[in-house]
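*Asks:* This is the structure alone, sequence omitted:
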């Protein structure tokens, strides 16, 4: 497999490997706009020369859109190999490319957001631990911050204290999200419509900067839904799933 690095120069021509095949889809366009804004912050997006979900995206932890303390590390935003591309060794190739690049840039190691068991939109903890990642920190209700130090002297990263027990002070459904994942553009709008049609108290909050993301109330800033102050889920919900949660 050839690994392609997506940059400002080729992003318009490259497919960004998610489950959306149409490059002109509003979801893909929003993701590419997000990437364009973050290339100057050290964002790297590497993909296999295949159609489908086969890519790794990472950024210096100081610029990551996650509330962690991991100075000198590289943070993996998203790492996804799926479908017919699984079992081909592609995940290993992508991870090795990330490690090589991060070492060359003088990083202390890698961090990545995962969970106690495999969950939607979070990286597989079993695979990562098999590859040498260790548990750095935990946050309620199931989040794990994993890290791969490049030497024995690297400090252990951690979650910012305020996200270890995710809570907010607002009533109703409150959704925090970013355009880091293309799926949010479509599905946030759909559940906003469901909430309006059914008079469900609902507010969506688009996180637009890394500073806002690092102050967000939950570890997964791409999509975090709260109800009456309590964290509910990081899963990007369909209309049907939101209706079930809202009991309509």
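*Replies:* Received it, and whenever you're ready, just let me know what you need. Since the structure is predicted, the reported quantities are computational estimates derived from the model, not experimental observations.
*Asks:* In the worst-scoring helix or strand of the chain on mean pLDDT, which residues are buried?
*Replies:* Among the helices and strands of the chain, helix 26-38 carries the lowest confidence by mean pLDDT, DSSP states H and E, at a mean of 92. Using 16 or more other Cβ atoms under 10 Å as the test for burial, helix 26-38 gives 27-28, 30-32, 34-35, 38. (C-beta placed from N, C-alpha, C; glycine too.)
*Asks:* Okay, angle between the helix or strand following that helix and helix 26-38 too, please.
*Replies:* Later in the chain than helix 26-38, the nearest helix or strand by DSSP states H and E is strand 44-48. Interaxial angle of strand 44-48 relative to helix 26-38 (axes from the mean of the first three to the mean of the last three Cα atoms, to 10 degrees): 130 degrees.
*Asks:* Tell me the gap between strand 44-48 and the middle of its chain.
*Replies:* The gap between where strand 44-48 is centred and where its chain is centred comes out at 15 Å by Cα atoms, centre = their mean, to the nearest Å.
*Asks:* and what of stretch 145-163?
*Replies:* With Cα atoms, centre = their mean, you get 17 Å for stretch 145-163.
*Asks:* any chance you could map the strands in this structure?
*Replies:* 3-6, 44-48, 54-60, 68-69, 74-81, 109-115, 134-139, 143-149, 158-159, 173-177, 202-206, 223-227, 230-233 (DSSP state E).
*Asks:* of all these, which lies closest to residue 167?
*Replies:* strand 230-233 (6.7 Å; Cβ to Cβ).
*Asks:* so where's the chain shaky on pLDDT?
*Replies:* Low-confidence segments of the chain (pLDDT under 70): 17-24, 84.
*Asks:* how many neighbours does the nearest residue to residue 39 once chain neighbours are set aside have?
*Replies:* The shortest distance from residue 39 to any non-neighbouring residue, by Cβ to Cβ, 6 or more residues apart in numbering, is to residue 8 (5.4 Å). Residues lying near residue 8 (other Cβ atoms under 10 Å) number 10.
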